[in-house]
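S.K.: Need coordinates for the following:
(2 chains)
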Amino acid sequence: MTTDTLSLTFSALADPTRRAILARLAQGAATVKELSAPFAMSGPAVSKHLRVLERAGLIARGREAQWRPCRLEAAPLEEVAEWAEHYRRFWDASYERLDDYVRQLQKENDDDDRP
Amino acid sequence: MTTAHRIGATDFATPSDTEIEATRVVDAPRELVFDCWTKAEHVTKWMLGPEGWTMPVCEIDLRPGGSWHFKWSRADGCEMEMQGTYEEISPPERLVSTERWDGDWPETVNTVVFTELDGQTLVTSTMRYPSKEARDAALGTGMKDGMDMSFARLDAYLA
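M.R.: Okay, here's the model as predicted:
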C-alpha cells in the first residue's frame, strides 16, 4: 500500500462522525436520510462526510437509484489493520536482528580485549 | 512493572488511550543498546524490519531540537521514509523524539526508556498519538465494536 492511500484512509477515519457512519454501514447499506437520522446533522453535512469517505475508498455509492444507497468497502480498513500488523512485524524482525547484532558487537569487544 | 519479560519476544500493548507500546529485553548493557538506537553506524545494521530492506539514508543529529531522517528501500524499488526531531536525550536511559511520515499521518511522540536488568536491557518504546481517535485510527480499533468484520489479526496485535 502506498503512503498516500493510507494517509487518505487515515484522515477519513480521524473524525468520530465518519467512524460512526462506517459502523452503521457495517450493518448494511443505507441512504443519506437513514444515515442522517442518528446525528443532529443536516443531510448536506452528512453528504459532506460521505464524500470524504467515498474519496478515501471506504464507501461506495450506488448509481442505480435516486437515493444512492451507501455501502461499506472493507479493503481500505483491512489495509489500516495491516499497518498495525506491519508495525508489529517491523519491530519483531528488527529486534531479532538487534539480538544478533549486539551479540556480534560484544564478541568483537571481547576479542579486542584479549592480549 | 509486573510483567515478566523474556528474551527473544516483543510484547505489544496499549497502556493508555493515546499510546502504543512495545517492550523487549535485549541481552546487552544499556549503554550499548542506547548506542544501537542513536548512532547511525549501528541503526543501519538492525532497524530494518522484515528481510529485504536496507537503510540508505540514516541521518541523526543527536541533540535536543536536532532532526533525524531514516529512509528504507527494497530491491524492487519500494521505499519508506520517516523523520522527526529529538526532544530529550538522556544517555543511556531515555530518548524522546517526534516521528512523522509523509502525508496526513499525525505526528507521534516516541519515548524509548532503557532499563538496566542485571546486564540486560529492557527497552520500552512508546508511541504517543495526539488523540485517542488518531491512535485508534492507526490501530483500526475505533471501528471494532460496531463492525461485522474480522479484526482477528488486530486482536492478535493487541493481545
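S.K.: Doesn't B:T54 belong to a strand?
M.R.: Yes. If the criterion is DSSP: H, G, I helix; E, B strand; the rest coil, then B:T54 is within a strand.
S.K.: Could I get the contacting residues of it?
M.R.: B:T44, B:L48, B:W72, B:S73, B:R74 (CB atoms under 8 Å, 6 or more residues apart in numbering or on different chains). In this view, the C-beta of every residue, glycine as well, is placed from N, C-alpha and C.
S.K.: Give me the subset of those residues lying in strands.
M.R.: Residues from the contacts of B:T54 lying in strands, with DSSP state E as the criterion: B:W72, B:S73, B:R74.
S.K.: Quick check: chain neighbours aside, which residue is closest to the second one?
M.R.: Right, the one you point to is B:S73. In this structure, B:S73 finds its nearest non-sequential neighbour in B:E79, 4.8 Å apart by CB to CB, 6 or more residues apart in numbering or on different chains.
S.K.: which ones are touching that neighbour?
M.R.: For B:E79, the contact set (CB under 8 Å, 6+ apart) comprises B:K71, B:W72, B:S73.
S.K.: mind checking how far the second one is from chain A?
M.R.: Distance check for B:W72 against chain A: by CB to the nearest CB, to the nearest Å, it reads 10 Å.
S.K.: same deal with the last one?
M.R.: If you measure B:S73 against chain A using CB to the nearest CB, the figure is 14 Å.
S.K.: check contacts around residue 32.
M.R.: Going with chain A. Counting by CB under 8 Å, 6+ apart, A:V32 makes contact with A:G43, A:V46, A:S47, A:L50, A:W67, A:R68, A:C70.
S.K.: could you do chain B instead?
M.R.: Listed by CB under 8 Å, 6+ apart, the contact set of B:L32 reads A:V102, A:L105, A:Q106.
S.K.: For the helix or strand that contains the second one, the averaged confidence score.
M.R.: Meaning A:L105. Assigned by DSSP states H and E, A:L105 belongs to helix A:75-113. For helix A:75-113, mean pLDDT is 82.
S.K.: Wondering if that helix reaches chain B at all.
M.R.: Yes. Judged by CB under 8 Å from any CB of the partner chain, helix A:75-113 and chain B are in contact via A:77, A:80-85, A:87-103, A:105-106.
S.K.: Please name the nearest non-neighbouring residue to A:P16.
M.R.: Excluding its sequence neighbours, the residue lying closest to A:P16 (CB to CB, 6+ apart) is B:E133, at 6.3 Å.
S.K.: For A:Y87, see how far away the one you found is.
M.R.: Relative to A:Y87, B:E133 is positioned 18 Å away (criterion: CB to CB, to the nearest Å).
S.K.: Tell me the spacing between the residue nearest to A:P16 and B:P91.
M.R.: Per CB to CB, B:E133 is found 35 Å from B:P91.
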